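# Build the 3D model from these lines:
(one chain, ligands or ions: 2)
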Amino acid sequence: MAENESGKGFFGRLFGRGPTPDAPAQQKPQEAPQESPQESPQETPQETPLEAPQEAPPATPQEAPPPPAPLEAPPPAPAPGDAPTAGAPGSWWTRLKSGLSRSSSSIGQGVASVFTKRKLDAQTLEELEDVLIRADLGVALASRICESVGKGRYDKTVDPDEVKAILASEVEAALAPVALPLTLDATQRPHVILVVGVNGSGKTTTIGKIAAKLTREGKKVTLAAGDTFRAAAIEQLQIWGGRIGAPVIARAQGSDAASLAFEALTEARAQGADVLLMDTAGRLQNRAELMAELEKIVRVMKKVDPQAPHSVLLVLDATVGQNALSQTETFGRMAGVTGLVMTKLDGTARGGILVAIAEKHKLPVHFIGVGEGVDDLEPFAARDFARAIAGLDA
Ligand SMILES: Nc1nc2c(ncn2[C@@H]2O[C@H](COP(=O)(O)OP(=O)(O)OP(=O)(O)O)[C@@H](O)[C@H]2O)c(=O)[nH]1
Ligand SMILES: [Mg+2]
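Residues are numbered from 1 along each chain as shown. Ligands and ions are numbered 1, 2, ... in the order given. Here you go, the predicted structure:
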């Protein structure tokens, strides 16, 4: 990955099977709890009561969530090593294409079945629109694509590849404005990245993958095990830390998450870390008390550094489909989400949901994940995604 010249920038893109709207965690790893934590963190982090999580959540905090931090730099040109070399086995492009193959083959088959041995008319366009909506691309984009396909082609036969090319170019246009790298502010030490999302969306794994990238770039990375509710969650992060060689700040299971956030930031700062990646327990966006806890974590960090967290990443599981829209809305409002990571694009035929989210929420998409491996997460690039989902070559 390239870093930009100011030393601030870094990566830019990435993305499987997920939870249903009602049970966002079926595909959770062994340890994953399906339920969110009940306790709420304490109010006064300076005293850092560590052991006992509190019973009742405080009243909904008054402070507004931090505004999304604007990203500073345009996407850096990918380093040669990072550029997806089309077709090379093991390259990101190959993994992306194969990761999005469920989506692209579903769209490809749909398009072929609409246009094979038929001329374009209102009926075929309507069927095409259905195919695109079923891929979760969103109604607005589906109708834009149909409009483009319809132009000058009435009563003519249409090559499905032409339709795919139009689809790719419309998807790329929709995604280009949100395909922004996650930039690090080098003046912030550490630059704090808070990672949030529903149960099982891929938060901890994504932290490990991002930390591995940063470490490879020479950054000094510290991890904070903010999911204090499950021993297995703490362990999971410790395993990642051990693998990467990054220190993990953890407290006993059941410790107060906001207190941990406070301490972790203080400690990471003392250690001179460049980046602090903070994990959080999964929580459903409709659980008000858990969302309030997230606000509290943010508030408490600000006591150490008023600008922290500098980035708040919402990790979305592509397989949840439309529910990802509501997750983005609620987490965005309550936790000041500054950017998105979409995981598990390899596990769904409806990867178009990313486009629908981009169109609706206009939040930067930093990474997508297409597998469980450490290299299955990459900075998000609109063109690559668009061509892969359309089933075209790089
Ligand atoms: N196929 C696929 N699996 C993924 C991807 N990202 C994460 N996973 C898997 O999804 C499961 C859940 O990942 P975690 O990182 O534990 O999710 P989490 O959000 O931390 O879960 P909680 O802490 O319980 O809320 C694990 O089995 C991961 O390996 C991806 O891009 N593709
Ligand atoms: Mg986790």
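
# From here on, just use CA atoms for contacts and neighbour counts.
Fine.

# So which bits of the stretch 201-350 of the chain are right by ligand 1?
Within the stretch 201-350 of the chain, the positions adjacent to ligand 1 are Ser201, Gly202, Lys203, Thr204, Thr205, Ala281, Gly282, Thr343, Lys344, Asp346, Gly347 by C-alpha under 6 Å from any ligand atom.

# Out of those, grab the one that's most surrounded.
Ser201 (32 neighbours; other C-alpha atoms under 10 Å).

# give me the element that one is part of.
If you go by DSSP states H and E, Ser201 is not part of any helix or strand.

# tell me the phi and psi of the residue lying closest to it once chain neighbours are set aside?
Among residues not flanking Ser201 along the chain, Asp317 sits closest, at 4.8 Å (C-alpha to C-alpha, 6 or more residues apart in numbering). Phi and psi for Asp317, reported as degrees, to the nearest 10, are phi -90, psi 120.

# my guess is Asp317 contacts Asn199, does it?
No: using C-alpha atoms under 8 Å, Asp317 is not in contact with Asn199; the gap is 9.6 Å.

# bridging residues for the residue most central in space within the chain?
Taking C-alpha atoms, centre = their mean as the criterion, Val341 is the residue nearest the geometric centre of the chain, at 1.2 Å. Judged by DSSP bridges, the bridge partners of Val341 are Val315, Phe367.

# looking at it, it is touching Val315, isn't it?
Yes: here Val341 reaches Val315: they are 4.8 Å apart, a contact under C-alpha under 8 Å.

# quick one: the strands in the protein?
191-196, 221-224, 248-249, 275-278, 311-317, 339-343, 365-369, 377-379 (DSSP state E).

# now the farthest one out in the protein, which residue is it?
Asp155 (42.4 Å).

# and that one, what does it touch?
Lys119, Leu120, Asp121 (C-alpha atoms under 8 Å, 6 or more residues apart in numbering).

# Now which of the residues you listed would you call buried?
Lys119, Leu120 (16 or more other C-alpha atoms under 10 Å).

# Among the contacts of Asp155, which one lies nearest to ligand 1?
Nearest to ligand 1 among the contacts of Asp155, counting by C-alpha to the nearest ligand atom, is Leu120 at 37.5 Å.

# Would you quantify the distance from the nearest residue to Asp274 once chain neighbours are set aside to Glu267?
Once flanking residues are discounted, Asp274 sits nearest to Pro190: 4.5 Å by C-alpha to C-alpha, 6+ apart. Using C-alpha to C-alpha, to the nearest Å, Pro190 is found at 10 Å from Glu267.

# Gly202 now?
26 Å.

# circling back: with neighbour numbers in mind, choose between Asp317 and Asn199.
A count of neighbours by other C-alpha under 10 Å puts Asp317 above the other of Asp317 and Asn199, at 35 against 28.

# Contacts only, for the spatially closest residue to Glu170 that is not a sequence neighbour.
Excluding its sequence neighbours, the residue lying closest to Glu170 (C-alpha to C-alpha, 6+ apart) is Ile145, at 6.6 Å. Residues near Ile145 by C-alpha under 8 Å, 6+ apart: Ile166, Leu167, Glu170.

# so which of these is the most crowded?
Leu167 (25 neighbours).

# circling back to that earlier point, is it possible to export the residues of the stretch 201-350 of the chain next to ligand 1 to TSV including pLDDT?
Below are these laid out as TSV (pLDDT from 0 to 100):
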residue	pLDDT
Ser201	98
Gly202	98
Lys203	98
Thr204	98
Thr205	98
Ala281	96
Gly282	96
Thr343	97
Lys344	96
Asp346	93
Gly347	93
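
# Okay, the residue nearest to Ala231 when sequence neighbours are not counted and ligand 1: tell me how far apart.
Distances taken as C-alpha to C-alpha, 6+ apart put Gln253 closest to Ala231, at 5.4 Å, once the chain neighbours are dropped. Noted for Gln253: a distance of 13 Å to ligand 1, by C-alpha to the nearest ligand atom, to the nearest Å.
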